[in-house]
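In: whatever this is, show me its structure:
(one chain, ligands or ions: 1)
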Amino acid sequence: MFPATIIMNKKIIETLPENELQQFLELVYKEYGYDFSNYSEASFQRRIIRIMNLDQMPDLAALQNKIVNNPDYFKTFIEEVTVNVSEMFRDPLFYRSLVDNVFPKLAQLSTIRIWHAGCSAGEEVYSLAILLKEAGLLERSLLYATDINLSVLESAQRGVFPISLKDEYSQNYLASGGKNKLSDYYSENGKTFVFAKELSQRMVFSPHNLCIDQSFNEFNLILCRNVLIYFNINLQDKVIKLFKDSIAPDGHLALGTKETLDFSAVASDFESVDKKNRIWKIRKR
Ligand SMILES: C[S@@+](CC[C@H](N)C(=O)[O-])C[C@H]1O[C@@H](n2cnc3c(N)ncnc32)[C@H](O)[C@@H]1O
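Out: Residues are numbered from 1 along each chain as shown. Reported below is the predicted structural model:
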């Protein structure tokens with residue numbers, strides 16, 4: 001009798017030699033201008049090993065070869081190597097704190113500029129747009145949403161999410177202090193729901209790489225949540241300086257629940273507004 005399936009003798013990769021990884025990162029930088037040398041080593045290695053095992057590559061040289069000879073594959077590599085986990089109204093108490101502590105400051109401005117750095121598929125941007133609308137601030141707000149991963153940016157621009165998530169997102173919305181029903185802001189379309197254009201027309205989506213790109217405006221609020229955890233301490237410091245240089249007078253910065261700027265060389269330029277929910281304000285200069 002023949003077996004129903006033939007199992008190939010696959011080699012499973014578990015670690016990468018450090019010098020080879022270093023050479024690989026240099027090549028990626030040289031070919032494509034993406035600098036991953038300051039990503040937190042352990043998690044970044046795990047992501048690369050995952051890609052190699054998925055695509056059955058015997059060693060880093062094979063991955064290197066494919067990346068150099070196939071720019072489309074490089075796009076897939078970026079999609080796989082970045083972690084895009086997100087959700088709407090993630091950490092609802094954080095959003096409540098924004099509404100209570102930051103919105104009153106934003107309400108004093110005639111134009112409100114907000115930067116979502118590392119916006120993933122837009123979950124956080126649509127969440128904030130809804131709360132701004134309920135506070136009567138959306139019409140004078142511009143939400144700049146950037147990410148290194150072009151594929152999630154395209155998805156964010158469409159404002160389409162799987163219908164399977166709507167109950168969870170609705171609960172988060174109410175826990176964040178939402179005043180209506182989340183369904184007031186979207187329409188269902190088969191297996192997806194899509195947010196109203198009135199929200200997305202206040203949004204500007206653009207690629208931006210926090211490792212190498214400069215500031216592009218002055219913002220009253222910057223949100224960069226759950227991104228710094230993937231960077232080593234040097235890169236975190238560099239990015240926090242970038243934010244400091246991008247914040248308008250009286251502006252605020254929000255990080256993820258496991259992130260801080262306390263170690264940074266510019267920590268004394270910020271004062272804490274809500275320690276638990278990781279919101280800071282720039283000190284008066
Ligand atoms: C875990 S998600 C966080 C999404 C959202 N901010 C949240 O808290 O739910 C991290 C995002 O950072 C992006 N990212 C990773 N490295 C980046 C870089 N160098 N520049 C800009 N974005 C980056 C990833 O593509 C991903 O979308």
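In: C-alpha only now, for contacts and for neighbours.
Out: Will do.
In: count the neighbours of Gly251 for me.
Out: Gly251: 24 surrounding residues under other CA atoms under 10 Å.
In: in the stretch 151-285 of the chain, which spans are helices?
Out: 166-175, 197-200, 233-246 (DSSP state H, counting those that start in this stretch).
In: do you know which of the ones you listed lies nearest the ligand?
Out: helix 233-246 (9.4 Å; CA to the nearest ligand atom).
In: quick check: mean pLDDT of that closest one?
Out: Taken as a whole, helix 233-246 has an average pLDDT of 97.
In: what's in contact with that helix?
Out: 38-39, 210-211, 214-219, 222, 228, 253, 261, 263-266, 269, 282 (CA atoms under 8 Å, 6 or more residues apart in numbering).
In: same question, stretch 82-89
Out: 47, 95, 120-121, 123-124, 126-128, 149, 152, 169, 172-173, 176.
In: now, which of the residues you listed lie close to the ligand?
Out: Among those, the ones lying near the ligand by CA under 6 Å from any ligand atom are Ser120, Asn149.
In: nearest to Val204 among the contacts of stretch 82-89?
Out: Tyr126 (11.9 Å; CA to CA).
In: about what we covered before: now, which of the contacts of helix 233-246 lie close to the ligand?
Out: Restricting the contacts of helix 233-246 to those near the ligand - CA under 6 Å from any ligand atom - leaves Leu210, Cys211.
In: filter the contacts of helix 233-246 to the buried ones?
Out: Buried by 16 or more other CA atoms under 10 Å: Asn38, Tyr39, Leu210, Cys211, Glu218, Phe219, Ile222, Leu228, Leu253, Leu261, Ser264, Ile282, out of the contacts of helix 233-246.
In: what's the closest non-adjacent residue to the most centrally placed residue in the chain?
Out: Centroid check for the chain by CA atoms, centre = their mean gives Gly118 as the closest residue, at 2.4 Å. With CA to CA, 6 or more residues apart in numbering as the criterion, Gly118 has its nearest non-adjacent residue at 4.5 Å, and that residue is Asp147.
In: for Ser37, same thing?
Out: Per CA to CA, 6+ apart, closest to Ser37 is Leu25, 6.3 Å.
In: hmm, the helix or strand that contains the one you found touching the ligand?
Out: According to DSSP states H and E, Leu25 maps onto helix 18-32. No: Helix 18-32 stays clear of the ligand (CA under 6 Å from any ligand atom), getting no nearer than 12.4 Å.
In: that helix: which residues count as buried?
Out: Leu21, Phe24, Leu25, Glu26, Leu27, Val28.
In: these two touch, right, Leu106 and Ala248?
Out: No: with contacts defined as CA atoms under 8 Å, Leu106 does not count as touching Ala248, sitting 11.4 Å away.
In: of those two, who's got more company?
Out: Higher neighbour count among Leu106 and Ala248: Leu106, with 23 against 17, using other CA under 10 Å.
In: got the phi and psi for the more buried one?
Out: phi -60, psi -30 (degrees, to the nearest 10).
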